[in-house]
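*Asks:* Sequence plus the predicted model coming up.
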Amino acid sequence: MNTKILAINNRDKYRQVYELLYSELFSNKYSIGQKIPNAVDLAKKYGVSRPTIARAQEQLEREGILVRKQGAGTFVSKNIPVVNGRLGVLFPGFKVEPLEFKGFTPLFGQVISNIANSSHGTEYVLLMNELPFGFDENESIEQAVDVSLKLIKMQIRGVFFVPFSFSLQNNTVNCQIVNRFRDAGIHVVLIDRDICEYPDRSFCDLVEIDNCRAGYKLTEHLMNVGCRKIDFITDPNPASTVEKRVKGYLDALEKNGIAPDLSRIHNFPLTQPDPEQEYNLIKKIIDGTDADAFICATDCLASVFMRNLKKMEIRIPEQKKVVGFDGDPFAEYLPVPLTTVRQPTEAIGKEAFRLMKSRIENPQMPIQTVTLEAELIVRRSCGAK
């Protein structure tokens, strides 16, 4: 299946270009007084228009970070502010780009942007390194390890890390990466999930949503619109966040007098080699159930599921209702707008930065966990009016 691509609006293009340039200027890529590439080259590099580049550069000039010399070009200012701490991001499966988000989790792009926004005006700067997405798990792991070593070499103060989904191999890699940061004196704030399974808790601060409650809330909503036969579609090797969503789903059924049936939980690998195999696997699920509604573990999975239901000429929501999780920006623009539980990306970014700043300033403080509430976004796919 092709990588999902999400175009973003002009305001966000400018903001992300600004943040990427800002990040590069503090990452030792350019030295004081060095000339930076011209607007044409930067526009080509980031895939945006020259006016967008110009707007970002003008903002950096106002902040005293860049200086423009008539007829000579744009240079790194000799008065560039001194920062006491550089922070890194390590989001496996996500590539930072100004024009589009690639991978299955574009919402993490919003989290990165909000961390960057929170760092502005402080003594810290966020270095937005790139970690390209690969469908091959071993390739993604190799890339993550490589980036972690680069961040250590850059002597950053802290790193924001979204761990790999839980498996024996991935958990080993997560622990290796985190322990390597710890040994280098680099603080880690985890985002979305811990590196160990409940009830264990790692030594890292964590920002997450209440995934169990999110699963409960979405299931209860479907029952409120008349659904009684509700199936759950998940990945064969789900992240701990998804496992909590499943638990919330089962709790909601039981509390509302519907006996949980584990046969209604279906495994569907999202990365299929070809559309025909994808279609056949989903058709097998449809043919084997009498469900009137499907909860998909993520919005990306829901979009794939809905696309194949359309090929089967199954109408949404008249014949089958479909909902998802995360509130990815594309969900609103699917052929049938998707009901979802939206992650509060602004609050996640702000809280992650707050935790990092507190941890750096007070390394001995107790380990912190911030659990945020997700918002139910009702659209047409669930059949609600």
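*Replies:* Yep, that arrived.

*Asks:* tell me the pLDDT at the most centrally placed residue in the chain?
*Replies:* The centre of the chain sits closest to residue 108, judged by CA atoms, centre = their mean, with a distance of 2.3 Å. With respect to pLDDT, residue 108 has a value of 80.

*Asks:* Is it inside a helix or a strand, and which specific one?
*Replies:* Assigned by DSSP states H and E, residue 108 falls within helix 107-119.

*Asks:* okay but residue 91 is in contact with residue 163, surely?
*Replies:* No - taking contacts as CB atoms under 8 Å, residue 91 lies outside contact range of residue 163: 9.9 Å. C-beta: built from backbone N, CA, C; applies to glycine.

*Asks:* neighbour count winner among these two?
*Replies:* The neighbour comparison of residue 91 against residue 163 (other CB atoms under 10 Å) goes to residue 163, with 29 against 25.

*Asks:* What sits closest to the more buried one if chain neighbours are left out?
*Replies:* With sequence-adjacent residues excluded and distances taken as CB to CB, 6 or more residues apart in numbering, residue 163 is closest to residue 174, at 4.4 Å.

*Asks:* Residues contacting stretch 199-211, please?
*Replies:* Stretch 199-211 has contacts (CB atoms under 8 Å, 6 or more residues apart in numbering) with 161, 178, 182, 187-196, 241-242, 244-245, 248, 343-344, 348, 351-352, 355-356, 359, 367-374.

*Asks:* Mark which of the residues you listed are buried, thanks.
*Replies:* 161, 178, 187-196, 241-242, 244-245, 248, 343-344, 348, 351-352, 355-356, 359, 370, 374 (16 or more other CB atoms under 10 Å).

*Asks:* Inside helices: which ones of those?
*Replies:* 178, 241, 242, 244, 245, 248, 348, 351, 352, 355, 356, 359 (DSSP state H).

*Asks:* who's in contact with the third one?
*Replies:* By CB under 8 Å, 6+ apart, the residues touching residue 242 are 211, 234, 235, 297, 298.

*Asks:* picking that back up, pLDDT wise, what is the residue nearest to residue 163 at?
*Replies:* 90.

*Asks:* How is the nearest residue to residue 36 once chain neighbours are set aside assigned, secondary-structure-wise?
*Replies:* Nearest residue to residue 36, sequence neighbours excluded (CB to CB, 6+ apart): residue 74, at 5.4 Å. Following DSSP: H, G, I helix; E, B strand; the rest coil, residue 74 is assigned to strand.

*Asks:* can I assume residue 74 is in contact with residue 35?
*Replies:* Yes - when contacts are counted by CB under 8 Å, residue 74 is listed as touching residue 35 (6.9 Å).

*Asks:* These two: which has the busier surroundings?
*Replies:* residue 74 (18 against 12).

*Asks:* Quick check: bridge partners of that one?
*Replies:* Taking DSSP bridges as the rule, residue 74 bridges to residue 68.

*Asks:* Enumerate every residue touching residue 354.
*Replies:* Counting by CB under 8 Å, 6+ apart, residue 354 has contacts residue 118.

*Asks:* how about 10 Å then?
*Replies:* 118, 189, 205, 207, 368, 370 (CB atoms under 10 Å, 6 or more residues apart in numbering).

*Asks:* can I assume the fourth one sits in a strand?
*Replies:* Yes - when the secondary structure is assigned by three-state DSSP, residue 207 falls within a strand.

*Asks:* Any idea what it is bridged to?
*Replies:* Residues in beta-bridge contact with residue 207 (DSSP bridges): residue 191, residue 370.

*Asks:* Pass me the low-pLDDT residue ranges in the stretch 51-200 of the chain, would you?
*Replies:* Low-confidence segments of the stretch 51-200 of the chain (pLDDT under 70): 81-84, 93-106, 129-137, 166-169.

*Asks:* can you do 50?
*Replies:* 96-105, 132, 135 (pLDDT under 50).

*Asks:* my guess is residue 282 contacts residue 302, does it?
*Replies:* No - applying CB atoms under 10 Å as the test, residue 282 and residue 302 come out as separate, 11.7 Å apart.

*Asks:* Now do the shared contacts for the two.
*Replies:* With CB under 10 Å, 6+ apart, residue 282 and residue 302 have common neighbours 233, 294.

*Asks:* between those two, which one's more packed in?
*Replies:* residue 302 (26 against 23).

*Asks:* which ones are touching the more buried one?
*Replies:* Contacts for residue 302 (CB under 10 Å, 6+ apart) come out as 233, 294-296, 322-326, 328, 331, 334, 338-340, 381.

*Asks:* Return the closest of those residues with respect to residue 61.
*Replies:* Among the contacts of residue 302, residue 328 lies closest to residue 61 (CB to CB), at 34.6 Å.

*Asks:* Relative to residue 112, how far out is the closest one?
*Replies:* Remark: distance between residue 328 and residue 112 (CB to CB, to the nearest Å) = 14 Å.

*Asks:* okay, those two: which has more neighbours?
*Replies:* Remark: of residue 328 and residue 112, residue 328 carries more neighbours, 27 against 24, as counted by other CB under 10 Å.

*Asks:* which non-adjacent residue is nearest that one?
*Replies:* In this structure, residue 328 finds its nearest non-sequential neighbour in residue 299, 4.2 Å apart by CB to CB, 6+ apart.

*Asks:* That neighbour and residue 270 touch, don't they?
*Replies:* No - counting by CB under 10 Å, residue 299 stays clear of residue 270, with 11.4 Å between them.

*Asks:* neighbour-wise, which of these two wins?
*Replies:* Using other CB under 10 Å as the criterion, residue 299 and residue 270 rank with residue 299 on top: 29 against 19.
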